[in-house]
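[1] Turn this into a model:
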Amino acid sequence: MRKPDYKRAYRLCEDGDERAEMASAEWDSIKAHLTDRELLTDRRLKIADRLAREIVEYEFLFPTVASEGAVLGGSEEQGEYFNYRFSALKKHQAEILKLEEALQITVKGSDGKGKDPARPKAPADEFLSALRSH
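    Residues are numbered from 1 along each chain as shown. Next up, the predicted model:
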């Protein structure tokens with residue numbers, strides 16, 4: 001799979017050049033990560049494209065949500081109401097996690113290659129091993 005044309009994808013956005021640049025950088029980073037871990041396939045590159053786009057949406061939405069907060073205040077009659085942008089941000093966040101897991105980017109207790117990470121020896125190891133042998 002070739003690198004997606006992000007300039008074309010974001011051409012109608014006011015900040016399309018910035019979004020395209022970020023998406024391109026994310027694509028390159030994800031592809032390099034998959035290559036380093038010997039996980040690069042056409043299918044994973046398609047998922048990498050979706051992940052890059054989700055990250056862009058998340059990063060461009062985050063400043064707005066950070067300034068507004070999860071709950072918006074209305075008038076005296078309306079009271080407070082939920083910020084739908086906050087909900088959208090959470091959905092992007094969940095989708096990013098799903099895509100990272102599909103690409104095996106998130107590490108759950110190992111280096112992703114089937115080996116457990118090396119643990120440094122502690123002074124108590126010798127004592128504990130002696131106890132186990134008795």
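[2] Tell me who's in contact with the spatially closest residue to residue 52 that is not a sequence neighbour.
    Among residues not flanking residue 52 along the chain, residue 26 sits closest, at 3.9 Å (C-beta to C-beta, 6 or more residues apart in numbering). The C-beta positions use only the backbone N, C-alpha and C, and glycine is treated the same way. Taking C-beta atoms under 8 Å, 6 or more residues apart in numbering, we find residue 26 in contact with 51-52, 55-56.
[3] rerun that using 7 Å as the cut-off
    The contact partners of residue 26, by C-beta atoms under 7 Å, 6 or more residues apart in numbering, come to 52, 55-56.
[4] Just give the number of residues close to residue 6.
    When counting by other C-beta atoms under 10 Å, one arrives at 23 neighbours for residue 6.
[5] isn't it right up against residue 24?
    Yes - Residue 6 lies in contact with residue 24 (C-beta atoms under 7 Å); the separation is 5.2 Å.
[6] Can you list the low-confidence ranges for this structure?
    Where the chain drops to pLDDT under 70, the residues are 107-119, 124, 127-128, 131, 134.
[7] Go ahead and flag the most central residue of it.
    Using C-alpha atoms, centre = their mean, the residue of the chain that lies closest to the mean C-alpha position is residue 96, 4.5 Å off.
[8] Spell out the secondary structure type for that residue.
    helix (DSSP: H, G, I helix; E, B strand; the rest coil).
[9] Roughly how far does the nearest residue to it once chain neighbours are set aside sit from residue 46?
    Excluding its sequence neighbours, the residue lying closest to residue 96 (C-beta to C-beta, 6+ apart) is residue 54, at 5.0 Å. Separation of residue 54 from residue 46 (C-beta to C-beta, to the nearest Å): 13 Å.
[10] For those two, work out which one has more neighbours and name it.
    residue 54 (22 against 12).
[11] Any buried residues in the helix or strand containing the more buried one, and which?
    In this assignment (DSSP states H and E), residue 54 forms part of helix 42-68. Neighbour counts over helix 42-68 (16 or more other C-beta atoms under 10 Å) mark 44-45, 47-58, 65 as buried.
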